[in-house]
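Undergrad: sharing a sequence plus its predicted fold:
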Amino acid sequence: MYCIRITHVLIGCLLVLSATARAQDAGFHHLSATPMLTNPALTGVIDGGVRVTADYQERYSGLGPDASFTSLLAGADWRRPVGRNHYYGFGVQVQHDRGGSSDYVRSQGLVSGSYQQRLGSLRGPAGRGAHFLSAGTQVGLGQRGFDFNKLWFSEQYFFDPASKAAYLDRGAPTGEPGNPAGARTYLDVGAGVTWFGTFGDRSGAYAGLAAYHLNAPNISPRPGATDRLARRYVLHGGGELPLGTGYLSLLPAARVMFQGPSRVAQLGGSLRYTQREWREIALRLLSFAHLNQADGSGVLLSTVTVGVGLEWPQVRAAVSYDLQAGPLARPANARSGFELSVIYTGDLPGRNRVFCPRF
């Protein structure tokens with residue numbers, strides 16, 4: 001009997017829509033609001049003593065409610081001195097994703113730690129600073145599942161030759177072995193290293209390498225089935241460059257991820273503008289291009305992100321919108337979704353001077 005396993009097709013489509021390698025990881029675009037998803041070594045790499053982040057993302061809303069994918073993330077990390085001019089970082093993060101007509105759900109809770117070793121002082125055209133090497137690890141629990149009762153299968157689809165009518169009978173046998181409903185909880189492990197440095201006011205750089213899912217956990221929600229989560233490797237970097245002698249600076253950023261047969265690149269940055277009269281208030285204009293490659297195919301421009309951000313002394317907020325490109329541009333009317341993030345940074349206790357680039 002010809003049979004299409006609709007379960008596999010739906011879950012596969014949802015994974016593709018989440019826009020990372022085989023889309024098995026969430027694709028947040030506000031890099032500064034999701035540092036522990038980029039590299040565990042960025043835990044505690046902050047201009048202060050504590051950072052609290054929140055990020056909400058909605059994607060593929062232009063394809064209809066059954067294709068939309070929403071993600072919610074919240075996290076906090078701390079930076080504390082160790083001896084003189086060395087630091088350790090500790091962070092926690094929770095994340096929840098939901099999408100598709102099957103109510104596919106992905107949740108995880110992570111704990112991260114880092115150690116930041118000062119390598120020495122630096123002097124640049126904008127003043128004096130320092131550079132560090134940070135190493136970090138991450139461990140957590142994840143869970144993935146879906147609502148089996150909201151799916152239909154080819155064995156439940158019927159066509160009446162007499163009336164030329166097609167219909168679904170959800171009470172008919174599915175043809176699936178057993179009931180694949182439910183969820184699976186798994187252990188997840190990651191690690192990474194990052195170099196970062198500052199060269200004075202409005203001048204700095206960072207670069208790092210990270211690996212996630214080092215234990216290749218089984219994430220299949222089907223009892224008795226195995227679906228290993230491919231390791232995700234991340235290369236990232238960026239910095240801040242002053243433009244002229246005024247108050248404008250460029251913050252380029254890049255993140256390239258490899259997972260299984262897929263590749264994803266986020267390239268772009270933001271322009272930051274402030275004035276002394278604004279009392280430390282700054283405006284940002286951001287733009288990123290997202291390039292995808294899967295299963296040996298060519299490189300495609302999937303989305304273009306444009307947005308705006310506003311900074312206060314301890315709070316930063318940003319909102320962006322994704323313009324759909326590539327094969328999905330026409331069915332989605334070039335609309336994809338939006339992302340909103342808020343970051344709070346608190347002071348480091350004591351008189352320890354913090355050297356950290358602006359992200």
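TA: Everything's here; your move.
Undergrad: going forward, measure contacts between C-alpha atoms and count neighbours the same way
TA: OK.
Undergrad: okay, stretch 28-42 in PDB with CA atoms only?
TA: Provided in PDB are the C-alpha atoms of stretch 28-42 (Å, rounded to 0.1, in the frame of the first residue of the first chain):
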ATOM      1  CA  PHE A  28      17.400  33.700  17.300                       C
ATOM      2  CA  HIS A  29      18.800  36.700  15.400                       C
ATOM      3  CA  HIS A  30      19.500  39.100  18.300                       C
ATOM      4  CA  LEU A  31      23.000  37.800  19.100                       C
ATOM      5  CA  SER A  32      23.600  40.000  22.100                       C
ATOM      6  CA  ALA A  33      20.400  38.800  23.700                       C
ATOM      7  CA  THR A  34      21.200  35.100  23.300                       C
ATOM      8  CA  PRO A  35      24.900  34.800  24.100                       C
ATOM      9  CA  MET A  36      24.700  31.300  25.700                       C
ATOM     10  CA  LEU A  37      23.200  29.900  22.500                       C
ATOM     11  CA  THR A  38      26.100  31.300  20.500                       C
ATOM     12  CA  ASN A  39      29.000  30.200  22.800                       C
ATOM     13  CA  PRO A  40      29.000  29.000  26.400                       C
ATOM     14  CA  ALA A  41      32.300  30.900  26.800                       C
ATOM     15  CA  LEU A  42      30.300  34.200  26.500                       C
END
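Undergrad: just how off-centre is it within its chain?
TA: 7 Å (C-alpha atoms, centre = their mean, to the nearest Å).
Undergrad: which residues are contacting it?
TA: Residues outside stretch 28-42 that contact it (C-alpha atoms under 8 Å, 6 or more residues apart in numbering): 43, 53-55, 57, 93, 112-115, 134-138, 190-194, 208-211, 234, 236, 266, 339, 341-343, 359.
Undergrad: next, residue 356: secondary structure please.
TA: With DSSP: H, G, I helix; E, B strand; the rest coil as the basis, residue 356 sits in coil.
Undergrad: pull the number of nearby residues for it.
TA: Counted with other C-alpha atoms under 10 Å, the neighbours of residue 356 add up to 21.
Undergrad: ok, now residue 143?
TA: Quick note: residue 143 (other C-alpha under 10 Å) scores 18 neighbours.
Undergrad: what do you get for the one 3 residues further on?
TA: Under the neighbour criterion other C-alpha under 10 Å, residue 146 is assigned a count of 24.
Undergrad: repeat for residue 91
TA: Residues contacting residue 91 under the criterion other C-alpha under 10 Å number 23.
Undergrad: give the contact list for residue 230.
TA: Contact analysis of residue 230 by C-alpha under 8 Å, 6+ apart lists 213, 216, 259-260.
Undergrad: can you pull the pLDDT of it?
TA: At residue 230, the pLDDT value in this model is 91.
Undergrad: mind listing the helices for this protein?
TA: For the chain, the helices defined by DSSP state H occupy 6-17, 35-38.
Undergrad: give me the mean pLDDT for the shortest one.
TA: Think helix 35-38. Across helix 35-38, pLDDT averages out at 94.
Undergrad: check the first one too.
TA: For helix 6-17, the mean pLDDT works out to 36.
Undergrad: what is the burial count for residue 342?
TA: 21.
Undergrad: can you verify my assumption that it contacts residue 55?
TA: Yes: between residue 342 and residue 55 there is a contact at 6.6 Å, judged by C-alpha atoms under 8 Å.
Undergrad: how far away is the residue lying farthest from the centre of the chain from residue 172?
TA: Farthest-out residue of the chain from its mean C-alpha position, per C-alpha atoms, centre = their mean: residue 162, at 51.6 Å. Distance of residue 162 to residue 172, computed by C-alpha to C-alpha, to the nearest Å: 21 Å.
Undergrad: what sits up against stretch 43-56?
TA: With C-alpha under 8 Å, 6+ apart as the criterion, stretch 43-56 contacts 33-36, 70-80, 88-91, 112-114, 136, 339-349, 354-357.
Undergrad: at 7 Å instead, please
TA: The contact list for stretch 43-56, computed with C-alpha atoms under 7 Å, 6 or more residues apart in numbering, reads 33, 35-36, 71-80, 89-91, 112-114, 339-349, 354-356.
Undergrad: ok, stretch 252-268 next?
TA: 20-22, 230-240, 269-270, 287-296.
Undergrad: neighbours of the residue lying closest to residue 313 once chain neighbours are set aside, how many?
TA: Closest residue in space to residue 313, ignoring its immediate chain neighbours: residue 280 at 5.9 Å, by C-alpha to C-alpha, 6 or more residues apart in numbering. Using other C-alpha under 10 Å, residue 280 has 12 other residues around it.
Undergrad: surely residue 280 and residue 315 touch.
TA: No: Residue 280 sits out of contact with residue 315 when judged by C-alpha atoms under 7 Å, with a separation of 10.9 Å.
Undergrad: pull the number of nearby residues for residue 200.
TA: 18.
Undergrad: that one and residue 131 touch, don't they?
TA: No: with contacts counted by C-alpha under 7 Å, residue 200 stays clear of residue 131, the gap being 11.2 Å.
Undergrad: for the nearest residue to residue 73 once chain neighbours are set aside, give the beta-bridge partners.
TA: Leaving aside its sequence neighbours, residue 73 sits nearest to residue 95 (C-alpha to C-alpha, 6+ apart; 4.4 Å). Bridge pairing for residue 95 (DSSP bridges) gives the partners residue 73, residue 108.
Undergrad: likewise for residue 205?
TA: In this entry, residue 205 is beta-bridged to residue 197, residue 239, by DSSP bridges.
Undergrad: and it, how far from residue 343?
TA: 20 Å.
Undergrad: dig out what residue 114 forms beta bridges with.
TA: residue 89, residue 136.
Undergrad: thought it was touching residue 87?
TA: No: contact criterion C-alpha under 7 Å: residue 114 and residue 87 do not qualify, at 8.4 Å.
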